[in-house]
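Trainee: Everything below, folded, please.
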Amino acid sequence: MPENKTKYHDLGPISQPVTYNANTLRKNIIISPIEDFDSNLIRLVAREVHRTFGFRTQIRPLMQHVDFALDSGRNQYHSTAIIGKLADLVPSQAIKILAITRVDLYIPILTHVYGEAQLGGKACIISTHRLNEGLGMGVWEPFGRRVIKEAIHELGHTFNLRHCQNSACCMHYCRSIKDVDRKSEQLCRYCKVLLEDEIKRLAEK
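Mentor: Presented below is the predicted three-dimensional model:
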């Protein structure tokens, strides 16, 4: 996979930074790689999560493996079981947790998923397994952008954002890797307003 072979260069500013307030500074979003990943990729995800959501990020592995979620008949891993366990591991200082894995994820009604999240909950996960589709070895930039998009998308769900009809919005539902490539790394104006409202609501709790 590209993350083992290639150094991830700085992709430059992708989204506009969110302004901090006193309440967001008290919490952080944990980026939790499950397997070994290129540290540059994980830092890239952490940076863009910080830009989009305005919370500090902390890179902290919390789960050693996801073998408990393996469906041997499908040779895939049930993402719902993984995020259920992740939610129990969220430290008190964390507002959300994003896990990143290489294994192929699924939910029973779909052949595969790029990720899954607890809507309005604490935990989400993305998989890089299918984000290499159509890329040659050593092609780092499209892969990095795909990972960023899926990370922001699934974290968006934990902040109560639903799928967006705007095909350019990062919250647009993707049925294929072409859909992932077509959408941007940013939230549309409508989803940004919803996110800001949700963060304000959380800050008041």
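
Trainee: Show me what stretch 81-91 is in contact with.
Mentor: Residues outside stretch 81-91 that contact it (Cβ atoms under 8 Å, 6 or more residues apart in numbering): 30, 32, 62-63, 66, 68-69, 96-97, 99, 101, 105, 116-118, 121-125. Where you see a C-beta, it was placed from the backbone N, CA and C, and this is true even at glycine.

Trainee: And the residues you listed, which of them are buried?
Mentor: Neighbour counting by 16 or more other Cβ atoms under 10 Å classes 30, 32, 62-63, 66, 69, 96-97, 99, 101, 105, 116-118, 121-125 among the contacts of stretch 81-91 as buried.

Trainee: what ranges do the helices span in the chain?
Mentor: For the chain, the helices defined by DSSP state H cover 2-5, 39-53, 79-89, 141-158, 177-182, 189-204.

Trainee: Contact partners for the residue nearest the centre of the chain?
Mentor: When Cα atoms, centre = their mean is applied to the chain, the residue found nearest the centroid is residue 151 (1.9 Å). Going by Cβ under 8 Å, 6+ apart, residue 151 touches 45, 48-49, 98, 100, 115, 126.

Trainee: Residue 95 versus that one, what's the distance?
Mentor: 15 Å (Cβ to Cβ, to the nearest Å).

Trainee: can you check residue 111 too?
Mentor: 32 Å.

Trainee: So if I had to pick from these two, which one is more boxed in?
Mentor: Comparing residue 111 with residue 95 by other Cβ atoms under 10 Å, the one with more neighbours is residue 95, at 21 against 9.

Trainee: so who does the more buried one touch?
Mentor: For residue 95, the contact set (Cβ under 8 Å, 6+ apart) comprises 27-29, 55, 122, 202.

Trainee: I'd like the distance between it and residue 78.
Mentor: Taking Cβ to Cβ, one finds residue 95 at 25 Å from residue 78.

Trainee: go on, residue 135?
Mentor: 26 Å.

Trainee: okay, those two: which has more neighbours?
Mentor: Remark: of residue 135 and residue 78, residue 78 carries more neighbours, 20 against 16, as counted by other Cβ under 10 Å.
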